[in-house]
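Undergrad: what's the 3D shape of this:
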Amino acid sequence: MSDKEPSSFNDLSGSPDETPTRVEFKPLFSRPASATDQPGPVEPAAAVTPTAAPSSMTMNSRWRWAVVGVATIFVVGLLGAVFILSQPRAGTPSTVARYAPADTALYMEARLDLPGDQHNLIAQFMSHFPGFADQAAFDQKLDETFESIFESSDSGVSWRDDIKPWFSGEIGVFTARVSPAPGTPPSMTVALRVKEGQKSVLDGWLTPLLGTDWQQSTYQDQAIWTGNFGNSLDRVSLAMTDEVLLVSTRIEDLQKALDVGAERSAGMADDAFFLQQLAALHADRLATFYFDYASMLEGLPSQSLFGSGCFDSATQVATQMKFVGEVRAESDHISFTERVRVPAVAGAPSQAGYVPSRLAELASADTVLFYEVPQLGANIKYFVGELLTCAEASGGMPDLSSIETILGTPLPDYFDFVRDAALVVTADGGTYGGGLVASVDDEAIAQSRVAKLIAYVRLAAGSMGEFGPQITFEEQQHGNATITVISVSDLPPDVPFSSLAFTVANGHLIIGLDDFVANTLDQTVDGSLARTQRFAAGVAAGGTNNYPAAFVDISAIRASFEALIPASERPRYDLEIKPYVEPFDYLMIVGGSQGDVGISNVFLYVK
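TA: Numbers count the residues shown, from 1 in each chain. Got it, this is the predicted structure:
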């Protein structure tokens, strides 16, 4: 591949004071006879279901459109922005991905053609929502959705008449950095794949749309048009190959995309990490995303994220991080998967060889929020140590010797007995409770250090005397565990708890409100969150070598908020909102690893 050749025309993204060059009106993307673009791979045309003209948007139908899916709505929004401005195998970059330059910092791709099994699965997923129960009519509903969104944008563009005839449904958006240089517009390029053999259809639609107000130039035998859509003050540049329509906020970025597509320069699709992680994803997916932290930082001020001497090793590692992920539909949930290779950070805990905890077995079945933090003690040690290093580097390091003498251990090491921990929130009817459950590696040390902290709290409470709230301390025996209960008198009536309890028992540190500690000690595995069907399904969906990172019972939390809705607003809520949020059941986050690659799965389930 040769180096990028210089442009054969003046920069069209200059100041507004420059006099534009007018050209004779002619077909928009006509080329010189020497044009050498090669036809793209054949893409099977998506099945089209004849549809009736869309009806006007009512409040109810707007909610129906809103739940079509995050990926779909996001991509249609990008399509709208354009006018104001082969189904791949696993590991094979899409057509639009092959136009993203090597220095791409952020890339997002969506597939409105719903490849492979995604058409049937998204139809099954959407059948849980009002208006989509008939899966056979899904294509019609999808067309109505797109048409309604374009109508509401007042762009004068029709999905059925103007976009669908030439657009294959494959769209990519990419940027090199936040701001290429002071005073220049943000970098963003959109690539829309053109259906095989339909380039003339696109040309015939865009030519009269742009009229004669746009400037035309040539780059590497490729026609480029630059101008403004409608009343927008933002200039964009357009180009079309046999494969894609390219729209960019900067003509320089458009030229780079053309060079990559013509294989005159390397692209994101040549990156080894991108290709390796792409191969681990599903061949059929709704969306793909890629993020290169180092490339993004190139557009930001050159400095440490936390200041000189602070978290330097972590900051250095962050500049090496890349993420690749997908969005995919299943019959009862939408999944978001992210794969990232995180180099080791000196002094920080490593995920290599991590053994998942069983803390979910100590959470009750009525848990509405479970959030697990692996290796909490080791992370506290690392971050406290780094903060002290920062303070020392800045000259503001306090003398901690007296505190560490009282504690009997260096400050960063005080919680090193804690392994994994989980935040647990429970709901019993309309009453919420909760606390923290953590596994400990040395119960004797844990008991000693927790008792010391409670003693200092008791001392501080006693020093307040009659000028502070009345705080009492009580020790209660619960089986083989001793629970320390701290109660505060004269709390406001709207405070939903009256005491805080602590214990170290059975290899765990448990801290919680009111009876949370006692209930956790009595919790059986069979009656735990870990044994519920929903939680188990989320863990299983994450595959092997994983651990449950979070669980949110959306249905239970929604029901609690519904009880707070004023009576005057309830009829409107029940009619216009509830039918479209009620199908959402719960959210599950499952972490894991594969070699040196960390994996995060987010699953959004419907009933």
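Undergrad: mind listing the helices for the stretch 151-300 of the chain?
TA: Along the stretch 151-300 of the chain, the stretches classed as helices by DSSP state H, counting those that start in this stretch are 199-210, 251-261, 272-280, 293-297.
Undergrad: now do the buried residues in stretch 587-600.
TA: For stretch 587-600, a neighbour-count test (16 or more other CB atoms under 10 Å) marks L587, M588, I589, V590, G591, G592, S593, V597, G598, I599, S600 as buried. In this view, the C-beta of every residue, glycine as well, is placed from N, C-alpha and C.
Undergrad: again with stretch 376-383
TA: Of all the residues in stretch 376-383, those buried under the rule 16+ other CB under 10 Å are L376, G377, A378, N379, I380, K381, Y382.
Undergrad: show only the entries of these found in helices.
TA: Among the buried residues of stretch 376-383, DSSP state H puts L376, G377, A378, N379, I380, K381, Y382 in helices.
Undergrad: for stretch 164-183, give the mean pLDDT please.
TA: When pLDDT is averaged along stretch 164-183, the result is 84.
Undergrad: now swap in stretch 100-112 and tell me
TA: Mean predicted lDDT for stretch 100-112 stands at 95.
Undergrad: may I have the helix ranked longest in the chain as CSV, with CA atoms only?
TA: Secondary structure of the chain per DSSP H: the longest helix is helix 443-464. Presented in CSV, the C-alpha positions along helix 443-464 are these (Å, rounded to 0.1, in the frame of the first residue of the first chain):
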residue,chain,number,x,y,z
GLU,A,443,-11.5,-14.1,61.0
ALA,A,444,-9.5,-13.4,64.1
ILE,A,445,-7.9,-10.3,62.5
ALA,A,446,-11.2,-9.2,61.1
GLN,A,447,-12.9,-9.4,64.6
SER,A,448,-10.0,-7.5,66.2
ARG,A,449,-10.0,-4.6,63.7
VAL,A,450,-13.7,-4.3,63.5
ALA,A,451,-13.9,-4.2,67.3
LYS,A,452,-11.3,-1.5,67.4
LEU,A,453,-13.3,0.6,65.0
ILE,A,454,-16.4,0.2,67.0
ALA,A,455,-14.5,1.2,70.2
TYR,A,456,-13.4,4.4,68.6
VAL,A,457,-17.0,5.1,67.4
ARG,A,458,-18.2,4.5,71.0
LEU,A,459,-15.6,6.9,72.3
ALA,A,460,-16.5,9.6,69.7
ALA,A,461,-20.2,9.2,70.6
GLY,A,462,-19.5,9.5,74.3
SER,A,463,-17.5,12.7,73.8
MET,A,464,-20.6,14.4,72.3
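Undergrad: so what does the very next helix or strand once past it touch, helix or strand wise?
TA: Downstream of helix 443-464, the first helix or strand assigned by DSSP states H and E is strand 471-478. Other helices and strands packing on strand 471-478, by 3 or more CB pairs under 8 Å, 6 or more residues apart in numbering; DSSP states H and E, are helix 443-464, strand 481-488, helix 516-522.
Undergrad: do that again at 6 Å, thanks
TA: Applying 3 or more CB pairs under 6 Å, 6 or more residues apart in numbering; DSSP states H and E, one finds that strand 471-478 contacts strand 481-488.
Undergrad: which other helices and strands contact the following helix or strand past the strand it packs on?
TA: On the C-terminal side of strand 481-488, the nearest following helix or strand under DSSP H and E is strand 499-505. For strand 499-505, the packing partners by 3+ CB pairs under 6 Å, 6+ apart come out as helix 443-464, strand 481-488, strand 508-513.
Undergrad: partners of strand 499-505, with directions?
TA: strand 481-488 (antiparallel), strand 508-513 (antiparallel) (DSSP bridges).
Undergrad: bridge partners for the residue nearest the centre of the chain, pull those for me.
TA: Residue closest to the mean C-alpha point of the chain, counted by CA atoms, centre = their mean, is F336 at 7.7 Å. With DSSP bridges as the criterion, F336 is bridged to V327, V602.
Undergrad: hmm, A329 and it touching each other?
TA: No: with contact defined as CB atoms under 6 Å, F336 does not reach A329; the gap is 11.0 Å.
Undergrad: okay, and the common contacts of the two?
TA: Between them, F336 and A329 share no contacting residue under CB atoms under 6 Å, 6 or more residues apart in numbering.
Undergrad: what's the closest of the buried residues of stretch 376-383 to L604?
TA: L604 has its nearest neighbour among the buried residues of stretch 376-383 in L376, at 26.3 Å by CB to CB.
Undergrad: let me see the contact set for the closest one.
TA: Neighbour list for L376: V418, A421 [criterion: CB under 6 Å, 6+ apart].
Undergrad: tell me how many other residues crowd the residue nearest to L400 when sequence neighbours are not counted.
TA: What sits nearest to L400 in space, not counting adjacent residues and going by CB to CB, 6 or more residues apart in numbering, is L411, at 5.7 Å. Residues near L411, counting by other CB atoms under 10 Å, number 15.
Undergrad: same check, this time on the one 10 residues further on
TA: A421 is flanked by 26 other residues according to other CB under 10 Å.
Undergrad: what's the answer for the one 5 residues further on, then?
TA: Applying other CB under 10 Å, we find 24 residues neighbouring T426.
Undergrad: likewise for Q222?
TA: Q222 has 23 nearby residues by other CB under 10 Å.
Undergrad: ok, it to A505 distance?
TA: Look at Q222 and A505: by CB to CB, to the nearest Å, they are 72 Å apart.
Undergrad: again with K578
TA: 43 Å.
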